[in-house]
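Visitor: build me a model from this:
(one chain, ligands or ions: 1)
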Amino acid sequence: MKRFLTNMIFPLIAFFMFATLLIPILVTVKTPIGPQQLFAYSVSPLAYSFMLTGVFIASRPRFLEKHVGMPKMYAIHALMTILAFFLVLYHIIFYWQGFGAIFRSPATIFGWIGMILIFLGMMSGILSLSGMFINKIKPLKYLKEKVLNREVMLWIHRIAGIGSVVAVYLQNVFIGFLRANTPYMIVLGLYTALILGYYFYWKLETQFLPKYKVSKIYKATPLLWVLEFEPKRGNIVEYNPGDYFFIRFKGKANITKEAHPFSTSSAITKKHSNTIEFMIKEAGDWTKSLANIKVGDVATLEGPYGDFFPPVARESESPYVLMGGGIGLTPNLSILRSEIEKKSQRRIELIWALSYESDMFMIDELESYKKVNPNFNYHIIFSNEEVKNYPFGFISNPYLEQIGVSEVYQDATFFICGPDIMMESTYNVLVKGGVPANKIYVDDFGF
Ligand SMILES: Cc1cc2nc3c(=O)[nH]c(=O)nc-3n(C[C@H](O)[C@H](O)[C@H](O)COP(=O)(O)OP(=O)(O)OC[C@H]3O[C@@H](n4cnc5c(N)ncnc54)[C@H](O)[C@@H]3O)c2cc1C
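Guide: As a prediction, the model looks like this:
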């Protein structure tokens, strides 16, 4: 029941808003109505409830993210926007009176502005911000990654999202019979003010987050940056192993100022008692611009977010199997470092799938952990080139048998993080091998 409520929290919020907007409308309808009319009355409040819930999700409410998870939240945000768009489209078709009617009144003008903005918000999200719909379509993926500027698209998305809510609100205000319906206008105004208020409060709050200074920055491999922050004042914020933050540089730092999400590779340990470490792979403009960052540059860290290592996994005494594909090592390393700090003697198997020999680093650190916990083992497998003394290929059941991990299929807790294709295939390998699905945690590096 608790799981169901957590999974359904945003649809429930949308449904509650919808119901409480629809009731005051229906109360004013004197004659009995059929299902078709009921649907016609429902379309607008339903679309608006989806739009408001979408804006609420865009405010990244941390108290809910910890339970639902950001990828799922953004998926709901995307679906609600698409549903809102089609509902508004239906509304337009249903009440269509020709192009001449578009400029007939402020209500129709705001309605059309709302429609265009929802469309812009939806398309900017689909084509540039979310991989959900287009990652499997090569030309569109190319468009997203190589042609469209993410920062510009993000601004279009934000302005369109907030603008569409304001336009649809104003449309309601200019519709005479709705304006005359005081309970409806109160409920509508209340929800609009609460959701927009929360959004702008969050935006303002991100501007005043505690500041962190870069205390270390270096390249560990040709494509991987290690970045360490220390608070300018006071102590670091508490976080759990595997959590992630949005890093946003401030002031004079020579890098664009949008926030990018990164998992911590550190955990709160003696070494990182007042610093937070990230490992960042060069993927595009922003990550490549880390070359311009210097010790002393200032950033804010928004978070922590994430539920890769939830309490049920933290509290379990089972062996851990940490599976990282390339940079997907980071949240797993955070868990590993926290276990080593605790001097945990549980069996821990780290499987690190890499493409090239040049991706490999921190072997000395991993070796040193074997002395602290003799039940810790690490295994590296290469997929794009043959490397002496290391196996070649992908994570498979025969490979997991060969390294002895299949012995703990029934008892261990598994953590997978890496590129989509690696996570999907590793998850399938484990499930096929008999690992219970509820013992597998997956961390998605894309929304
Ligand atoms: C929860 C989470 C944890 C992550 N942890 C790490 C980590 O520990 N180490 C690491 O190297 N990478 C991590 N990433 C990926 C990292 O955020 C992106 O590689 C980085 O933001 C790319 O930015 P760019 O401008 O260099 O590249 P771009 O070419 O702009 O983007 C490459 C891809 O990264 C994604 N991306 C870009 N900007 C953002 C953004 N602001 N928000 C969300 N996704 C974005 C998009 O899917 C895009 O297609 C994580 C991502 C998520 C969602």
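
Visitor: neighbours around the residue of the chain found nearest the ligand, how many?
Guide: In the chain, no residue comes nearer to the ligand than residue 284, which is 2.0 Å away by C-beta to the nearest ligand atom. Just so you know, the C-beta spots here come from the backbone N, C-alpha and C atoms, and that holds for glycine as well. By other C-beta atoms under 10 Å, the residues close to residue 284 number 11.

Visitor: can you check residue 426 too?
Guide: Count around residue 426 with other C-beta under 10 Å applied: 26.

Visitor: so where is this protein shaky, pLDDT-wise?
Guide: Applying pLDDT under 70 to the chain picks out residues 2.

Visitor: ranges for the strands of it?
Guide: Using DSSP state E, the strands of the chain run over 211-221, 224-231, 244-249, 260-263, 276-281, 298-305, 320-325, 348-354, 376-382, 413-417, 440-443.

Visitor: spell out which residues of the stretch 201-350 of the chain are next to the ligand.
Guide: Selection of the stretch 201-350 of the chain residues close to the ligand by C-beta under 6 Å from any ligand atom yields 244, 258, 260-263, 278-281, 283-287, 327, 330.

Visitor: I'd like to know which of the residues you listed are buried.
Guide: The neighbour count (16 or more other C-beta atoms under 10 Å) marks 244, 260-263, 278-281, 286-287, 327, 330 as buried among those.

Visitor: tell me how the chain divides into domains.
Guide: Structural domains annotated on the chain: 2-207, 211-305, 311-443, as defined by automatic domain parsing.

Visitor: excluding its backbone neighbours, what's nearest residue 5?
Guide: Closest residue to residue 5 apart from its sequence neighbours, by C-beta to C-beta, 6 or more residues apart in numbering: residue 12 at 7.4 Å.

Visitor: again, but for residue 67
Guide: For residue 67, the spatially nearest residue (C-beta to C-beta, 6+ apart) is residue 6, at 4.6 Å.

Visitor: then residue 125?
Guide: The shortest distance from residue 125 to any non-neighbouring residue, by C-beta to C-beta, 6+ apart, is to residue 157 (5.6 Å).

Visitor: what of residue 199?
Guide: In this structure, residue 199 finds its nearest non-sequential neighbour in residue 59, 4.7 Å apart by C-beta to C-beta, 6+ apart.

Visitor: in this structure that neighbour contacts residue 197, no?
Guide: No - contact status for residue 59 versus residue 197: not in contact, 9.9 Å apart, counting by C-beta atoms under 8 Å.

Visitor: near the ligand, which residues of the stretch 51-200 of the chain show up?
Guide: Taking C-beta under 6 Å from any ligand atom as the contact definition, the stretch 51-200 of the chain meets the ligand at 131, 144-145, 150.

Visitor: residue contacts, the closest residue to residue 172 other than its chain neighbours?
Guide: Spatial nearest neighbour of residue 172, chain neighbours left out: residue 178 (5.2 Å); criterion: C-beta to C-beta, 6+ apart. By C-beta atoms under 8 Å, 6 or more residues apart in numbering, the contact list for residue 178 reads 25, 172, 184-185.

Visitor: list the contacts for the residue nearest to residue 370 when sequence neighbours are not counted?
Guide: Nearest residue to residue 370, sequence neighbours excluded (C-beta to C-beta, 6+ apart): residue 376, at 5.6 Å. Contact analysis of residue 376 by C-beta under 8 Å, 6+ apart lists 336, 340, 347-350, 369-370.
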